[in-house]
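Asker: need a 3D model of the following:
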Amino acid sequence: MKIQWIRTETELAQACTVLSAEPRIAVDVEGDGMFRYRPRLCLVQLATPSVAFLLDPFEVENLKPLDAILSGNKVQKIIHDVSFDVRLLATRKLRLGHVVDTSILARFLDEPATGLAALLERHLQVEVSKALQHENWGRRPIPEQWESYLVGDVQHLFGLADMLVNLAAEKEILEEVDTECLYTLGQASKDVDWNQPDSTPWTRVKGYKSASDEVRARTRALALLRENMAQQQDVPPFRVFPNHLIARLSSTPPRSPNHMSRLLGKFRSNIDKASQHAMFETLKNPQVQEPARPPAPTEEERAAWHLQKKIEKALSRWRESKAKAKNLSIHVVLPGHCLRDMVSAGVSSLGELETIPGFGAARLSQYGTELLAVLESARADSSEQTSSPK
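Answerer: Here you go, the predicted structure:
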């Protein structure tokens, strides 16, 4: 496959002329989220069956010509795991549309492994290296040995997509796959705002919920301090110090600054003396208040919660039975997000079922009436149990 770098707006315009004439292109992106507080779009791989374009967005400021291709419906984009790509592209105001996601195809086909490397090896007998998977793609100048890795991520997507689409067509689930691709694309577009700092970083520290009030207070303060340090250093928080160190220092706070230095162990070299002192003072006198807890649920709210759980179980049993009978993945019959939305929305009609995001016309016509019967039965059973004498 021919390789062509894009480092100027003229080269981008020329590439867009080629790409826009294709019925479909393969797309992949690379970021530096393992090395920066907020990830940047570092590289974009765009391939036709004969040429791979490698775009360096650090060199090209105006990417608007590319947005028209990526977001438009004229050219189909083959992507593996669109959720990641759409978020990273959004950091440069690039959008995605008309996508087929090979990871969704694999999941709906109940593939034993849905990673790109595993799928390529299983279906195309192609081995791709994972050696650069966690590379710092923001590094410049770009090493020559990166080229084959970058091209490998896109050049085989055409064959893989063809293989998986054919398998999905045999199972007559292409409409469900398309619906899920649209749903996933929409969710990814609104899920994460990487420009906003994490306001509750302590929630990811193991043991926080079950800790004492004193330990929780220290955990909150230290996690928030680490977040600020990470922002200032422009690195991911885990590169400052990890969650398990927060848990250890919060449960056994240092007796002195020197003790603090010893407790830091191998992470001492990452943290200057001023920051170590700030950590010690933070643990000694934590000031971060815990967000107000919601009031205890009322009896009616508890009853509603129990009803939802019973309906959820009934729908889960139904989809497992239906999937087994039709030899399909449970994700094809009823994706988990649809199941949860049906329960929380209290669906009771075909019109309401139709409004569930990602449910789609195929499921409505195949299962709509049957699902309403399952919902009605679960509600009736719960009502009888509630009203029957104990």
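
Asker: quick one, strands of the chain?
Answerer: Along the chain, counting by DSSP state E, strands occupy 2-6, 24-31, 41-47, 51-55, 76-79, 99-101.

Asker: with residue 209 as the reference, name the closest of those strands.
Answerer: Each of the strands of the chain was scored for nearness to residue 209 using C-beta to C-beta, and the closest is strand 24-31 (31.2 Å). (Glycine included, C-beta is placed from N, CA and C.)

Asker: please name every helix or strand in contact with that closest one.
Answerer: If contacts are counted by 3 or more C-beta pairs under 8 Å, 6 or more residues apart in numbering; DSSP states H and E, strand 24-31 sits against strand 41-47, strand 76-79, helix 82-90, helix 146-155, helix 157-170.

Asker: let's see it at 7 Å
Answerer: Using 3 or more C-beta pairs under 7 Å, 6 or more residues apart in numbering; DSSP states H and E, the elements in contact with strand 24-31 are strand 41-47, strand 76-79, helix 82-90, helix 146-155.

Asker: before we move on, back to that, can you tell me which of the strands of the chain is nearest to residue 352?
Answerer: Here strand 99-101 is closest among those (C-beta to C-beta), at 27.5 Å.

Asker: show me what that closest one is in contact with.
Answerer: Residues outside strand 99-101 that contact it (C-beta atoms under 7 Å, 6 or more residues apart in numbering): 76-82, 161, 181, 184-185.

Asker: same question, stretch 341-359
Answerer: Counting by C-beta under 7 Å, 6+ apart, 179-180, 183, 308, 311-312, 315, 335, 337-338, 364, 368, 371-372, 375 sit against stretch 341-359.

Asker: and the helices in the stretch 201-350 of the chain?
Answerer: 213-233, 237-240, 243-251, 257-264, 273-284, 299-326, 330-333, 336-345, 350-354 (DSSP state H, counting those that start in this stretch).

Asker: just the pLDDT for the closest residue to residue 230 other than its chain neighbours.
Answerer: Residue nearest to residue 230 in three dimensions, not counting chain neighbours: residue 237, with 4.3 Å by C-beta to C-beta, 6 or more residues apart in numbering. Per-residue pLDDT puts residue 237 at 93.

Asker: quick one: contacts for the closest residue to residue 114 other than its chain neighbours?
Answerer: Take residue 114 and drop its neighbours on the chain: the residue closest to it by C-beta to C-beta, 6+ apart is residue 106, 4.1 Å away. Neighbouring residues of residue 106 by C-beta under 7 Å, 6+ apart: 114, 119, 164.

Asker: what would those look like in a markdown table with distance to residue 140 and pLDDT?
Answerer: Below are those laid out as a markdown table (distance: C-beta to C-beta, whole Å; pLDDT from 0 to 100):
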| residue | distance to residue 140 | pLDDT |
| --- | --- | --- |
| 114 | 32 | 95 |
| 119 | 31 | 96 |
| 164 | 35 | 98 |
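
Asker: who wins for most neighbours among those residues?
Answerer: residue 119 (25 neighbours; other C-beta atoms under 10 Å).

Asker: how far away is residue 36 from residue 136?
Answerer: Going from residue 36 to residue 136 by C-beta to C-beta, to the nearest Å gives 9 Å.

Asker: those two: which is more packed in?
Answerer: Neighbours were counted for residue 36 and for residue 136 using other C-beta under 10 Å; residue 36 has more, 18 against 13.

Asker: skipping its backbone neighbours, what lies nearest that one in space?
Answerer: residue 234 (5.6 Å).

Asker: state the phi and psi torsions of the one you found.
Answerer: Main-chain torsions, residue 234, degrees, to the nearest 10: phi 60, psi 50.

Asker: residues near it, how many?
Answerer: Neighbourhood size, residue 234 [other C-beta under 10 Å]: 10.

Asker: just checking, it touches residue 35?
Answerer: No - contact between residue 234 and residue 35 fails when scored by C-beta atoms under 7 Å: they sit 8.9 Å apart.

Asker: domain map for the protein?
Answerer: Using automatic domain parsing, the domain parsing of the chain gives 2-191, 201-284, 299-387.

Asker: right, so of the ones you listed, which gets closest to residue 290?
Answerer: Shortest separation from residue 290 across the domains of the chain is recorded for domain 201-284, at 6.4 Å, computed as C-beta to C-beta.
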